[in-house]
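Student: Build me a structure from this.
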Amino acid sequence: MSAFDTIVHLIYLACATAFVIGLHLMNAPSTARRGNQVSAAGMGVAILVTLAVLIEDGRINAYAAWALGLGTAAGAAAGLVAARVVRMTAMPQLVSLFNAVGGGAAALIALGERPASTQAEVTGVLDVLIGALTFSGSLIASGKLAGRVPGRPIVVPYGRFVWAGLAAVAAAMAVLVVGFDGGTAALVGAAVAALVAGVLLTLPIGGADMPVVISLLNACTGTAVAMAGFVLESTPLIIAGALVGAAGAILTKLMADAMNRPISAIIAGGYGTGDAIAVEAGAGSAAVREITADDAAIQLAYAGRVVIVPGYGLAAAQAQHEVVALAQALTAHGVEVSYAIHPVAGRMPGHMNVLLAEANAPYEQLQDLEESNPAFPRTDVALVIGANDVTNPAARRAGNPVSGMPILDVDLARSVIVIKRSLGHGYAGIDNELYADPRTAMLFADAKKGLNALLTGVSAYAK
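Tutor: A predicted model of the protein is given here:
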């Protein structure tokens with residue numbers, strides 16, 4: 001091994017270490033930004049070193065080097081623009097699009113690279129199958145999250161039989177590639193079957209399961225990238241893909257546990273109806289007690305402890321800055337404030353954490369379900385903003401769509417204020433029994449307007 005090769009391998013090892021450290025730093029909101037920076041730096045160095053290796057080995061000429069450079073610059077510019085321009089409320093569908101890009105790119109690598117060994121043929125077929133399925137499935141998931149594809153489960157007639165047939169076709173194409181040197185034509189056939197399978201797999205899954213689906217597709221993208229690494233014999237690509245695949249698989253299990261649903265049931269689809277049609281304020285199957293913004297502000301201003309429970313309604317109204325401003329005003333008035341965040345609140349894992357961090361909410365105030373639930377009996381006011389199924393006491397009873405789902409025990413607080421535009425259902429399609437609780441008061445308003453009204457009232461009482 002030459003000195004150049006030794007240096008390259010050492011740099012790749014340093015890059016892999018950066019990936020691991022970055023992933024570890026993403027465990028906590030306070031260090032997640034630094035974790036992203038460390039991982040991105042490691043990947044940037046890995047790309048530059050790989051380019052140097054290709055030039056040293058004479059595997060690319062000057063024109064190819066320019067093409068790679070321009071492609072890298074274009075991709076980096078597109079990512080930068082997307083990160084700057086896309087609103088935080090649209091982040092879930094952007095994550096799905098990134099999943100699609102990763103899976104599609106990995107599949108294209110296997111389609112364009114001639115396998116040099118049986119290992120490369122096997123991993124190449126797996127790369128194409130997983131990458132193509134991830135590409136189409138992620139596009140459908142992104143469409144559901146963006147509202148371009150209906151969020152309700154869409155059941156294709158005889159879809160499971162078609163899916164089984166596609167799986168058989170994909171398996172046959174794989175055998176042709178590995179056992180009979182089927183070549184590019186067989187790989188393309190496998191890719192087409194996987195693309196259709198991805199669509200049929202994602203369409204029947206309802207909006208309520210989207211956080212789990214995003215995690216699962218992320219795991220598939222990582223696995224496809226790792227397979228592409230084997231095809232290219234690229235160590236950093238294998239390590240990066242394996243880390244993403246493992247992290248995505250663990251997150252998928254955690255999200256499924258948070259909903260108390262087996263992953264197999266989620267993949268089978270059928271849960272959740274997407275965005276419910278709004279019901280007029282005051283309507284519903286049970287009587288509710290309404291409250292004015294002034295009365296709610298009095299309760300908050302004179303409370304000793306307030307727990308804020310954000311949900312997708314907060315994200316849809318882009319009211320993260322308003323809720324943080326209200327929390328700051330309450331804290332300045334001597335009120336103890338914290339945020340109770342359910343694992344599947346919103347439309348992707350960590351959605352609420354991302355929103356609140358973007359609004360500079362103090363990290364020490366962000367608490368997960370296990371930390372929050374013991375504190376509710378000692379809470380004077382639980383302020384629920386656009387959260388529905390994750391606060392529904394019906395989950396404690398059998399026989400309904402949310403049975404067994406771990407929820408935030410907001411009904412154990414001394415009083416509950418719910419900011420919501422209407423009594424419309426959540427993804428599960430059932431009434432939230434919390435709204436009819438005698439200790440619950442409903443403030444019917446858009447989250448941004450309602451929070452601004454509360455902030456005005458609290459500020460007035462604090463003077």
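
Student: which residues does the residue nearest to Arg414 when sequence neighbours are not counted contact?
Tutor: Counting by CB to CB, 6 or more residues apart in numbering, Arg414 lies nearest to Asp380, which is 5.2 Å off, once chain neighbours are set aside. For every residue, glycine as well, the C-beta is placed using N, CA and C. Asp380 makes contacts with 299, 303-306, 413-415, as judged by CB atoms under 8 Å, 6 or more residues apart in numbering.

Student: make it 6 Å
Tutor: 303-305, 414 (CB atoms under 6 Å, 6 or more residues apart in numbering).

Student: Present the residues you listed as TSV; the columns should include pLDDT.
Tutor: TSV is the format used below for the contacts of Asp380 (pLDDT from 0 to 100):
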residue	pLDDT
Ala303	94
Gly304	94
Arg305	96
Arg414	95
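
Student: Okay, now the unreliable bits of the stretch 251-400 of the chain?
Tutor: 268-286 (pLDDT under 70).

Student: any idea how far the residue nearest to Arg414 lies from Val416?
Tutor: Going from Asp380 to Val416 by CB to CB, to the nearest Å gives 11 Å.

Student: Repeat that for Ile291.
Tutor: Where Val416 is concerned, Ile291 sits at a distance of 10 Å (CB to CB).

Student: Among those two, which residue is more densely surrounded?
Tutor: Val416 (24 against 20; other CB atoms under 10 Å).

Student: Need the three-state assignment for the more buried one.
Tutor: strand (DSSP: H, G, I helix; E, B strand; the rest coil).

Student: Spatially nearest residue to it, not counting backbone neighbours?
Tutor: Thr440 (4.3 Å).

Student: Would you agree the one you found is in contact with Ile417?
Tutor: No: Thr440 is not in contact with Ile417 according to CB atoms under 6 Å; the separation is 7.7 Å.

Student: So these two - more neighbours on which side?
Tutor: Ile417 (26 against 23).

Student: Now do the SS call for Val306.
Tutor: Classification of Val306 using three-state DSSP returns strand.

Student: isn't it right next to Val337, touching?
Tutor: Yes: using CB under 6 Å, Val306 is in contact with Val337, at 5.2 Å.

Student: who touches both of the two?
Tutor: Leu330.

Student: who wins for neighbours among the contacts of Asp380?
Tutor: Top of these by neighbour number is Ala303, holding 23 neighbours under the definition other CB under 10 Å.

Student: OK, contacts around that residue?
Tutor: Counting by CB under 6 Å, 6+ apart, Ala303 has contacts 335, 380-381.

Student: Let me see the backbone angles for the residue nearest to Arg414.
Tutor: The phi and psi values for Asp380, taken as degrees, to the nearest 10, are phi -80, psi -50.

Student: Could I get the full set of helices for the stretch 151-300 of the chain?
Tutor: For the stretch 151-300 of the chain, helices defined by DSSP state H, counting those that start in this stretch occupy the ranges 159-180, 183-202, 210-232, 235-259, 263-268, 293-301.

Student: Averaged pLDDT, the first one. What do you get?
Tutor: Okay, so that is helix 159-180. The average pLDDT within helix 159-180 is 84.

Student: Tell me the secondary structure of the residue most central in space within the chain, please.
Tutor: In the chain, the residue lying closest to the centroid (CA atoms, centre = their mean) is Met348, at 2.8 Å. Assigned with three-state DSSP, Met348 falls in the coil class.

Student: Tell me if I'm right that it and Ile214 touch.
Tutor: Yes: counting by CB under 6 Å, Met348 does reach Ile214; the two are 5.0 Å apart.

Student: give the contact list for Gly229.
Tutor: Going by CB under 6 Å, 6+ apart, Gly229 touches 237-238, 241.

Student: Using PDB, write out the CA atom coordinates for stretch 112-124.
Tutor: What follows is stretch 112-124, C-alpha atoms only, in PDB (Å, rounded to 0.1, in the frame of the first residue of the first chain):
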ATOM      1  CA  GLY A 112     -24.900   2.700 -14.200                       C
ATOM      2  CA  GLU A 113     -22.000   0.600 -12.700                       C
ATOM      3  CA  ARG A 114     -20.900  -2.700 -14.200                       C
ATOM      4  CA  PRO A 115     -20.600  -5.200 -11.400                       C
ATOM      5  CA  ALA A 116     -17.100  -6.700 -11.100                       C
ATOM      6  CA  SER A 117     -17.900  -9.600  -8.800                       C
ATOM      7  CA  THR A 118     -20.800 -11.700  -7.400                       C
ATOM      8  CA  GLN A 119     -20.900  -9.500  -4.300                       C
ATOM      9  CA  ALA A 120     -21.300  -6.400  -6.400                       C
ATOM     10  CA  GLU A 121     -24.100  -8.100  -8.400                       C
ATOM     11  CA  VAL A 122     -26.000  -9.000  -5.200                       C
ATOM     12  CA  THR A 123     -25.500  -5.700  -3.600                       C
ATOM     13  CA  GLY A 124     -26.300  -3.900  -6.800                       C
END
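
Student: Tell me who's in contact with Pro349.
Tutor: So Pro349 contacts 211, 215, 251, 255 (CB under 6 Å, 6+ apart).

Student: which residue packs closest to the last one, ignoring adjacent ones?
Tutor: Distance criterion CB to CB, 6+ apart; nearest residue to Met255, sequence neighbours excluded, is Val212 at 4.4 Å.

Student: and the gap between the one you found and Ala256?
Tutor: Counting by CB to CB, the gap from Val212 to Ala256 is 5 Å.

Student: Pick out whichever of those two has more residues nearby.
Tutor: Val212 (27 against 21).

Student: so who does that one touch?
Tutor: Counting by CB under 6 Å, 6+ apart, Val212 touches 255-256, 266.

Student: Identify the residues contacting Phe376.
Tutor: Applying CB under 6 Å, 6+ apart to Phe376 gives the contacts 409, 412-413.

Student: can you check Ala46 too?
Tutor: With CB under 6 Å, 6+ apart, Ala46 has these contacts: 15, 236.

Student: can I assume it sits in a helix?
Tutor: Yes: under three-state DSSP, Ala46 falls within a helix.

Student: State the pLDDT value of it.
Tutor: Turning to Ala46, the model gives it a pLDDT of 90.

Student: same deal with the one 4 residues further on?
Tutor: In the predicted model, Thr50 carries a pLDDT score of 85.

Student: number of nearby residues for it?
Tutor: 20.

Student: Quick check: chain neighbours aside, which residue is closest to it?
Tutor: The shortest distance from Thr50 to any non-neighbouring residue, by CB to CB, 6+ apart, is to Ser234 (6.9 Å).
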